[in-house]
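Visitor: fold the following and give me the result.
(one chain, ligands or ions: 1)
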Amino acid sequence: MSQGAVIWVVDDDETIRFVLQRALRRGGYQVECFEDVASVRRALEHARPAVMLTDIRLPDEDGLGLIDTLQAAGADIPVVAMTAYSDLDQTVSAYQKGVFDYLPKPFDLDQVISVVERAVAPAPVGTMPTDVSRKRTAGGHQLIGESAAMQEVFRTIGRLYRSDINVLITGETGTGKEVVARVLHEHSPRARHPFIALNTAAIPSELLESELFGHERGAFTGAHARREGRFEEAAGGTLFLDEIGDMPLGLQTRLLRVLAEGEYYRVGGRDLLSANARVIAATHQDLEAKVADGSFREDLYHRLNVIHVALPPLRDRREDIGLLARRFLHEAAEELGLEEKQLRPDTGRALARYDWPGNVRQLQNVCRQLSVMAPAEQIFPQDLPPEIHDLPPTGEAGDRWADALRNWARAELHAGAGNLVGRAQAEMERVLIDCALERTGGQRIKAAELLGLGRNTLTRKLKQHDAGDNGVQDSART
Ligand SMILES: Nc1ncnc2c1ncn2[C@@H]1O[C@H](COP(=O)(O)OP(=O)(O)OP(=O)(O)O)[C@@H](O)[C@H]1O
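Guide: This is a model prediction of the structure:
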């Protein structure tokens with residue numbers, strides 16, 4: 001029944017309004033656009049949309065304030081919030097304020113349409129608990145990042161804040177799996193209960209069962225007293241099973257049964273205990289491959305993998321490196337009671353070039369070391385550990401880029417192609433412009449600033465590229 005529904009789009013950026021309006025109209029919706037909160041308030045006096053899409057930062061007020069306005073007017077209208085960059089707290093608080101969904105910019109238009117489709121469809125009975133506690137949890141675990149991947153993680157955490165669902169977190173060592181699990185717990189209805197972590201790989205397999213489920217006195221040699229297992233300790237809270245890929249098959253079967261039945265016995269015990277812990281599991285291994293080779297139970301995999309959070313390695317989200325480094329330098333200074341060290345721009349660039357095999361943990365350790373060891377208030381590249389500092393100099397754009405260009409040029413020349421400079425320049429501009437627009441969520445003025453171009457120049461170049469594209473497609477078709 002979505003066709004023809006009226007969608008209101010509230011954004012102060014004309015490009016975003018234009019793009020959304022066009023996409024939603026193509027999707028069969030009627031669209032009205034607004035630039036600020038005041039004009040939405042006036043319109044609400046005589047009309048109501050089916051769904052409202054609003055930017056959070058608007059010139060006159062916070063877009064999320066519209067949720068209260070709608071509620072005060074007795075209008076139960078789903079609000080989809082959009083914002084360029086946000087931190088975890090902002091994302092979670094948007095969900096807590098009652099947004100229907102949250103779209104970090106830049107979004108792709110298919111994603112927008114699918115969110116609007118869901119918002120327009122009537123909610124299935126029982127999916128939205130009404131007795132939601134809106135209190136913020138006193139968590140304190142920091143999770144930061146401005147990369148698209150981290151924005152997506154914030155969004156998942158925000159969406160799950162009132163849920164009990166099992167989550168599987170994957171990523172290389174040090175990418176933040178445990179901290180994500182803790183933050184999920186802190187932003188869940190179980191936040192006031194314990195978060196218990198168990199590293200499956202760190203415990204000898206013969207002890208794992210009793211570690212998980214506890215044992216009675218005399219259950220095995222050495223069991224001198226009854227002991228609670230981690231499941232019991234985590235009652236009401238969250239049980240974090242780290243390195244789940246290392247769990248022996250026999251124990252996987254037992255865990256699966258406990259999760260399915262919600263009940264279990266301690267080792268050697270007769271009292272039936274209820275397994276009231278939400279399970280969040282993590283692994284750096286490829287569990288699907290382990291399922292395929294028979295070393296991980298497929299049914300357990302599906303039970304744990306209800307929601308999947310994939311944390312990319314730090315080298316695939318280099319835009320987070322500076323932000324994380326500054327945060328870690330700040331924390332180290334506070335912890336150690338030292339003056340906060342500052343990263344010089346060239347040092348920041350050296351950090352961003354390095355591949356960080358130990359991911360965020362390694363960066364955190366390096367920042368701690370620098371806080372103590374760097375001699376001056378500013379951190380110079382030569383203060384960095386040699387493996388980071390001694391990377392071959394690359395210039396700002398990086399060697400890999402130059403290598404790729406070299407290969408391209410050789411291949412073109414080999415194929416007898418001409419106009420290399422013109423074509424390479426056009427391609428380079430297109431890539432740079434695309435990246436800048438992606439970064440600014442489509443906002444041309446900001447993108448022009450980032451590119452070091454005038455606004456009108458950017459508009460002209462966009463037109464040229466569009467014309468170029470069409471030309472290519474047209475000639476391909478004919
Ligand atoms: N996005 C982030 N923001 C802030 N701190 C982070 C972030 N990601 C990781 N950290 C910090 O980096 C360190 C390593 O993270 P964590 O222990 O969660 O990694 P992990 O993936 O569980 O590692 P392992 O696989 O080795 O257990 C922690 O001190 C954590 O607080």
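
Visitor: quick one: contacts of stretch 447-460?
Guide: By C-beta atoms under 8 Å, 6 or more residues apart in numbering, the list of residues contacting stretch 447-460 from outside reads 432, 433, 436, 437, 439, 440, 444, 445, 461. Just so you know, the C-beta spots here come from the backbone N, C-alpha and C atoms, and that holds for glycine as well.

Visitor: quick check, nearest of the residues you listed to the ligand?
Guide: residue 439 (19.1 Å; C-beta to the nearest ligand atom).

Visitor: for that closest one, give me the pLDDT.
Guide: The per-residue pLDDT reported for residue 439 equals 81.

Visitor: just put the contacts of stretch 447-460 in CSV and tack on distance to the ligand.
Guide: Below are the contacts of stretch 447-460 laid out as CSV (distance: C-beta to the nearest ligand atom, whole Å):
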residue, distance to the ligand
432, 27
433, 29
436, 24
437, 25
439, 19
440, 22
444, 30
445, 30
461, 35
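
Visitor: which of the residues you listed are buried? Put it as a ChimeraX command.
Guide: To isolate in ChimeraX the members of the contacts of stretch 447-460 that are buried, counting by 16 or more other C-beta atoms under 10 Å, one can use:
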select :432,433,436,437,439,440,444,461
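
Visitor: and the contacts of stretch 447-460 as TSV, adding secondary structure?
Guide: Shown next, in TSV, are the contacts of stretch 447-460 (DSSP: H, G, I helix; E, B strand; the rest coil):
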residue	secondary structure
432	helix
433	helix
436	helix
437	helix
439	helix
440	coil
444	helix
445	helix
461	helix
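
Visitor: quick one, helices of the stretch 101-250 of the chain?
Guide: Remark: helices assigned in the stretch 101-250 of the chain by DSSP state H, counting those that start in this stretch are 109-120, 148-159, 177-186, 205-213, 230-233, 249-261.

Visitor: let me know which of those helices is tucked in deepest.
Guide: Burial of the helices of the stretch 101-250 of the chain is given as mean neighbour count (mean count of other C-beta atoms under 10 Å); helix 177-186 ranks first at a mean of 23.

Visitor: that one close to the ligand?
Guide: Yes: Helix 177-186 lies within reach of the ligand by C-beta under 6 Å from any ligand atom, at 177, 178, 179.

Visitor: near the ligand, which residues of the protein? Just list them.
Guide: Counting by C-beta under 6 Å from any ligand atom, the residues of the chain close to the ligand are 142-145, 171, 173-179, 242, 284, 324, 360-361, 364.

Visitor: ok, 5 Å please
Guide: Among all residues of the chain, those adjacent to the ligand (criterion: C-beta under 5 Å from any ligand atom) are 142-145, 173-179, 360-361, 364.

Visitor: hang on, residue 258 packs against residue 231?
Guide: Yes: using C-beta atoms under 8 Å, residue 258 makes contact with residue 231 at a distance of 7.2 Å.

Visitor: who touches both of those two?
Guide: Between them, residue 258 and residue 231 share these contacting residues under C-beta under 8 Å, 6+ apart: 213, 264, 275.

Visitor: distance of the second one from residue 272?
Guide: The one in question is residue 264. 8 Å (C-beta to C-beta, to the nearest Å).

Visitor: ok, these two, which is more surrounded?
Guide: The neighbour count for residue 264 versus residue 272, taken as other C-beta atoms under 10 Å, is higher for residue 264 (22 against 10).

Visitor: list the contacts of the nearest residue to the more buried one once chain neighbours are set aside.
Guide: Using C-beta to C-beta, 6 or more residues apart in numbering and skipping the chain neighbours, the partner closest in space to residue 264 is residue 258 (4.4 Å). Contacts for residue 258 (C-beta under 8 Å, 6+ apart) come out as 213, 231, 264, 275.

Visitor: low-confidence ranges, the stretch 351-478 of the chain, go.
Guide: 391-401, 403, 467-478 (pLDDT under 70).

Visitor: so what does the residue in the stretch 51-200 of the chain that the ligand sits nearest to have for phi and psi?
Guide: With C-beta to the nearest ligand atom as the measure, the residue in the stretch 51-200 of the chain that lies nearest the ligand is residue 176; the distance is 2.6 Å. As for residue 176, its main-chain torsions (degrees, to the nearest 10) stand at phi 110, psi 20.

Visitor: how close does it sit to residue 448?
Guide: 34 Å.

Visitor: quick one: which of the two has more around it?
Guide: For the pair residue 176 and residue 448, the greater number of neighbours falls to residue 176 (25 against 21), based on other C-beta under 10 Å.

Visitor: so what pLDDT did the more buried one get?
Guide: We note a pLDDT of 96 for residue 176 in this prediction.

Visitor: does it touch residue 310 like I think?
Guide: No: at 11.5 Å, residue 176 and residue 310 do not qualify as touching, with contact defined as C-beta under 8 Å.

Visitor: so what's residue 157 up against?
Guide: With contact taken as C-beta under 8 Å, 6+ apart, residue 157 is in contact with 88, 91, 92, 143, 180, 183, 184, 187.

Visitor: just the strands in the protein please.
Guide: Across the chain, reading from the start of the chain, the strands by DSSP state E fall at 6-10, 30-34, 51-55, 79-83, 101-104, 167-170, 195-199, 238-242, 263-264, 273-274, 278-283, 307-310, 342-343, 378-379.

Visitor: tell me the mean pLDDT for the second one?
Guide: When pLDDT is averaged along strand 30-34, the result is 94.

Visitor: what sits up against it?
Guide: Taking C-beta under 8 Å, 6+ apart as the criterion, the residues outside strand 30-34 that touch it are 4-11, 17, 20-21, 24-25, 40, 43, 49.

Visitor: buried set for it?
Guide: Residues of strand 30-34 classed as buried: 31, 33, 34 (neighbour count, 16+ other C-beta under 10 Å).
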